[in-house]
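Student: show me how the following folds:
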Amino acid sequence: MAIIKPNNNTISAITALPAGVGGKVLQIQTTFKSSVSSITTNSDGFVDITGMSVAITPSASSSKILVQASILYSFDDDTYGSLGGIRFMRDSTGIGIGGQDYASGIVTGDGNSGVNIYVTVPLLFLDSPNTTSATTYKLQVKNSIGGNKTFYVNAKKNGTNYGSSTITVMEIAG
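Tutor: Next comes the predicted model:
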């Protein structure tokens, strides 16, 4: 029985997939946030979440960008009802959004005793930016019930640190 040994020089020389085959991860960029931050927002529109952005420069215009985020957040509110949601932005364009321009679930209030109301929301979207220019992906939040409300990142409703959040982008060969 003959033993076949692969030529390691040939295998290690592979630096790209054959033409027409996509899916190779070309680069990864990430931002991790463990500190608590708060944002006071009203229902006039979305607001950037401080520290939750990441930049990437695609190597080819045919590349896709897989955008992932996991964010722990809460709203400081003493009423019942839907309070707010999250969305991805590519520079100044909302991506991966549905009704009300949200991409995530919505935090719901629980009255005065709702100190422990917080959620960790995972988000995932495959974007096609069609560019080789530097591109920034970020998260935004919106208050959907009106009035000034405080939004906490990485904290319970009372502002106590309770976790961490991250946003990661991966360039995928097209």
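Student: where along this protein do the helices fall?
Tutor: Under the criterion DSSP state H, helices of the chain are mapped to 8-12.
Student: pLDDT below threshold where in it?
Tutor: 1-21, 77-84, 103-117 (pLDDT under 70).
Student: longest strand anywhere in it?
Tutor: Using DSSP state E, we find that the single longest strand of the chain is strand 64-76.
Student: what about residue 168, how many residues nearby?
Tutor: Residues near residue 168, counting by other CB atoms under 10 Å, number 18. Where C-beta positions appear, they are placed from N, C-alpha and C, glycine not excepted.
Student: what distance do you get for the most centrally placed residue in the chain to residue 46?
Tutor: For the chain, residue 69 is the residue whose C-alpha lies nearest the centre (CA atoms, centre = their mean; 3.2 Å). According to CB to CB, to the nearest Å, residue 69 stands 15 Å off from residue 46.
Student: doesn't residue 87 make contact with the residue nearest to the centre of the chain?
Tutor: No - look at residue 69 against residue 87 with CB atoms under 8 Å: they stay out of range, at 10.4 Å.
Student: anything in contact with each of these two?
Tutor: residue 139 (CB atoms under 8 Å, 6 or more residues apart in numbering).
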